[in-house]
Each structure stands twice: as structure tokens, then as C-alpha cells.
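Peer 1: How does the following fold in three dimensions:
(2 chains)
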2 protein chains.
Amino acid sequence: MQIAILLYDRFTALDAVGPYEVLSNLPQAQVIFAAERDGPVRADTGSLALTADARIADLPSPDIVLVPGGPGQAAMMSDGPVHRWLRNADVTSTWTTSVCTGSLILAAAGLLAGRRATTYWQAIDQLAALGAIAVRERVVTDGKYVTGAGVSAGIDMALTLAARIAGPQTAQAIQLGIEYDPQPPYDAGSPDKAPERIVAALRAGSRFK
Amino acid sequence: MQIAILLYDRFTALDAVGPYEVLSNLPQAQVIFAAERDGPVRADTGSLALTADARIADLPSPDIVLVPGGPGQAAMMSDGPVHRWLRNADVTSTWTTSVCTGSLILAAAGLLAGRRATTYWQAIDQLAALGAIAVRERVVTDGKYVTGAGVSAGIDMALTLAARIAGPQTAQAIQLGIEYDPQPPYDAGSPDKAPERIVAALRAGSRFK
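Peer 2: The predicted structure follows:
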């Protein structure tokens, strides 16, 4: 089972590495990080580089396509090699997936028209404007399209997907393997829960993680 | 504020990238991935490589030291350049931290003797044998030593640390920025919660993530 995770300049690392940590534990999983060019790809902070081991051109038909988000998403919205690859790969993929603003790229490539999908909380309107039925849920499944909310939601998205692929017991074994028993010190991970002035501050900064 | 994240062959990627995603958002944070040699370092799966941008020898006094875990931890238990670097860096660090079996490396280097600390659920006895007061909690703080449980616990550890460094409002803003509102599809992330036969299967495999 070939799992292609797209990388591009200024992606958000946890968007990609959260799902990778889950999906790479699936039986027969072969995860491949891929980009237009192979070699190191810098994340949004500038202080992390992840290696693309393959060029997307060399992975025409992965079983799972995963598109992370990040500030670099903005430069991935025009038609070009990445969109063409996504559309071609989607023809034969079993699952086409995204985390955070990665769904904006899928939508811009034409793959989410009329489909229920989600994205980073600050990007919901933009996702709707691109033709998706944008909903604010942690993980959204519409047929073979599975989208996750912002950044850390990729872990929940991937566990949901793991259960669909290999069953709940395997998903639970993976969850225990990564000791995913979250206990955040605050309950501020959603704009519905965080203090209003913190939500406002992030909105003012328009930080699209 | 210089934050050095140690890399070594066969580390677990999420151990390092979870905290990175949190701590790199702290004001004036400069995160640097560092290893004995600079260049790409392969994670435990073989399918992910993260770039070490610095050699540990060139980072003698980071403000924060962070040691991830992973199967490669077993090769980091003997005295050598990594232990010497950890001991030297610890003399001047503000915080010395770990995720998962990273605490075994800290303990082997002599830094957790008589201190309360935690680790991956399967490694608790080993941590105790190395002289720490090993406790099964998600995040353990003892003075400047902050240790997290397995893999995904690094996110909770780093948010706890972020609050200590920059206050609860900044920690909450970071949490909202990464939309960390966890909703795992199962409640199986701890051996106390997962089905018994799944716990037994993982114990039989002795998989130290």
C-alpha cells in the first residue's frame, strides 16, 4: 500500500508527520514523502527540513494521497504540476486526503467540488469559496475523500483512516503504540473553546498554520 | 532562546516534530535540529529523514535541550559524544527535556538520578532501573527537567513547557494555532484504557516507539 505525502516549501511539519506516524504503522504500508523535486524541503518555520525521497512525477498512482497544509499552500493554488499530479493520482487512489489547509489545494485542483470537507479553522470560508461543502468538524469523510482540521488534527484523521483500512483493532494498536492519550494542559484548541481575545489575536494575525 | 532538538538514527519522528511545532511558536524561539553529524537523519520507519542543521558539538549551551525517543535510543545508552554533550549542555540549560524513551538517554547520561520522570509506557521499569523516580504521568516536571510519555505526549509536554516559559495565554494561542483539540476516534492511547489483548500484543512485540 503506497502512501504518498506531498511536500512543498513552507508546509507545516506536524500536518505531515502526525499522519505519517500513524499510517506508517499500517500493515504493508510504504510511506513516501514526495515533492516536485526530491531532496530537502523546508517547513514554514525555516528550522525544519524533511527529505522528499521521490519526485511526484515518479509516483503516478499511490493508494493514498495525503496533502498537508501550511503557509506555503498559498503558492500551490494555481494549476501546474502539483494539481496535475493530484488529479491523475486521484483517478486511481483508494483514499485522497488532506490536513489543515491542504484541503484548499485539493479543492483548487478541482477534487472537492460539491463534497463535504474541512480545513484549518481560519480557512473554512476559503474552502467553501473553492466549491466544497465546508464543515467545521475534526475529521470529515465523503466517499474516498478524508480531510482533517488544522495541524494536529492529522493524527485524528489518520487514525480514522487506519480504522477504515485495517479495522478498529489495528487503529487502536497504533494509537497505543504512539501512546495517543491526549491531555493538553488547556482546553483552547478550537475557536469555540479558546478565550475570545486569543481567538481575536490569531484572527488579526491571519496566521494560516 | 535556543532550542536544540537531538536527532539520531532511528528516532521516532513525532517525538521530535510534535514539540518542535509547539516550541517554534514561542517568542524569540530558535529551534535547531542537531546530531553528531549534520545532514539527513533517518527515523525508525526508514521512510522519513529530517535534516540536522547543526552538529551538537557546535551547540554547547542551548537554553532548552530536547531528546526524542525511538528504537534508536538503544544505541544511545553508552557513554560517548551524545552523553558528554547532554551533560555539558545541562550545566547551563534552562530546561532539559525529553519525549518517550528519550528520558532513558537522559537517565543513562546521569541527568535523572533521583528525579521524578516519565517515559513510554513500555519503558517505565527501564527508566526506574536507570535511577530515576519513574512515574506514569503524561508530563512530569521536576525542577528544570520536563519529561513526556510516549510519542504523541511530546505535544502536551511542549505546551506545558510553553506555559512555564511564556505564560498560559501564549500557550493557549499556540494550542489554537495548531488547532490542538484532540478527538481520537478511540480511547485506546494508554495501557489502562486499551483493550487487554491489544496491550498484550504490543507487549509481546516489545515495540519501543
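Peer 1: From here on, just use CA atoms for contacts and neighbour counts.
Peer 2: Fine.
Peer 1: mind showing which ranges of chain A have poor pLDDT?
Peer 2: A:206-209 (pLDDT under 70).
Peer 1: Strands along that one, start to end?
Peer 2: Listed in chain order, the strands of chain A (DSSP state E) span A:2-6, A:30-35, A:39-42, A:49-52, A:54-55, A:64-67, A:95-99, A:116-117, A:133-134, A:139-142, A:145-148.
Peer 1: So for residue B:107, which of these sits nearest?
Peer 2: Nearest to residue B:107, of all the strands of chain A, is strand A:49-52, at 28.8 Å by C-alpha to C-alpha.
Peer 1: residues touching the residue nearest the centre of chain A, list them.
Peer 2: For chain A, residue A:99 is the residue whose C-alpha lies nearest the centre (C-alpha atoms, centre = their mean; 2.1 Å). Listed by C-alpha atoms under 8 Å, 6 or more residues apart in numbering or on different chains, the contact set of residue A:99 reads A:15-16, A:66-69, A:119, A:147-151, A:153-154, A:157.
Peer 1: residue furthest from the geometric center of chain A?
Peer 2: Largest separation from the mean C-alpha position in chain A: residue A:197, at 27.6 Å (C-alpha atoms, centre = their mean).
Peer 1: I'd like to know how far that residue sits from residue B:175.
Peer 2: Noted for residue A:197: a distance of 14 Å to residue B:175, by C-alpha to C-alpha, to the nearest Å.
Peer 1: and what of residue A:126?
Peer 2: For residue A:126 relative to residue B:175 (C-alpha to C-alpha), the value is 22 Å.
Peer 1: neighbour-wise, which of the two wins?
Peer 2: Neighbour tally, residue A:126 and residue B:175, criterion other C-alpha atoms under 10 Å in any protein chain shown: the higher count belongs to residue B:175, 28 against 15.
Peer 1: isn't the more buried one right up against residue A:191?
Peer 2: No. Contact criterion C-alpha atoms under 8 Å: residue B:175 and residue A:191 do not qualify, at 10.4 Å.
Peer 1: Please compute how far the longest helix anywhere in chain A lies from its chain's middle.
Peer 2: Scanning chain A for the longest helix, with DSSP state H as the assignment, gives helix A:153-166. In terms of C-alpha atoms, centre = their mean, to the nearest Å, the centre of helix A:153-166 is set 11 Å apart from its chain centre.
Peer 1: Likewise for stretch A:35-44?
Peer 2: Taking C-alpha atoms, centre = their mean, the mean C-alpha location of stretch A:35-44 is offset from the chain mean by 16 Å.
Peer 1: and it, how far apart are its ends?
Peer 2: With C-alpha to C-alpha applied, stretch A:35-44 spans 15 Å between its terminal residues.
Peer 1: Residues in contact with that stretch: which ones?
Peer 2: The contact list for stretch A:35-44 (C-alpha under 8 Å, 6+ apart) reads A:6-13, A:48-57, A:70-72, A:81-82, B:51.
Peer 1: Then stretch A:1-12?
Peer 2: A:16, A:20, A:28-36, A:41-46, A:52, A:56, A:59, A:62-73, A:151, A:209.
Peer 1: Just the buried ones among the residues you listed, please.
Peer 2: With burial judged by 16 or more other C-alpha atoms under 10 Å in any protein chain shown, the buried subset of those is A:16, A:20, A:30-36, A:41-45, A:52, A:56, A:62-73, A:151, A:209.
Peer 1: The nearest residue to residue A:42 once chain neighbours are set aside: neighbour count?
Peer 2: Distances taken as C-alpha to C-alpha, 6 or more residues apart in numbering or on different chains put residue A:49 closest to residue A:42, at 4.3 Å, once the chain neighbours are dropped. If you count neighbours by other C-alpha under 10 Å, residue A:49 ends up with 25.
Peer 1: same question, the one 5 residues further on
Peer 2: By other C-alpha under 10 Å, the residues close to residue A:54 number 18.
Peer 1: give the contact list for the residue nearest to it when sequence neighbours are not counted.
Peer 2: Nearest non-adjacent residue to residue A:54, counting by C-alpha to C-alpha, 6+ apart: residue A:34, 4.8 Å away. Contacts here follow C-alpha under 8 Å, 6+ apart; on that basis residue A:34 touches A:4, A:5, A:6, A:7, A:52, A:53, A:54, A:55, A:56.
Peer 1: Would you confirm that residue A:106 contacts residue A:115?
Peer 2: No. Counting by C-alpha under 8 Å, residue A:106 stays clear of residue A:115, with 11.2 Å between them.
Peer 1: who has more neighbours, those two?
Peer 2: Each of residue A:106 and residue A:115 has its neighbours counted (other C-alpha under 10 Å); residue A:106 has more, 29 against 17.
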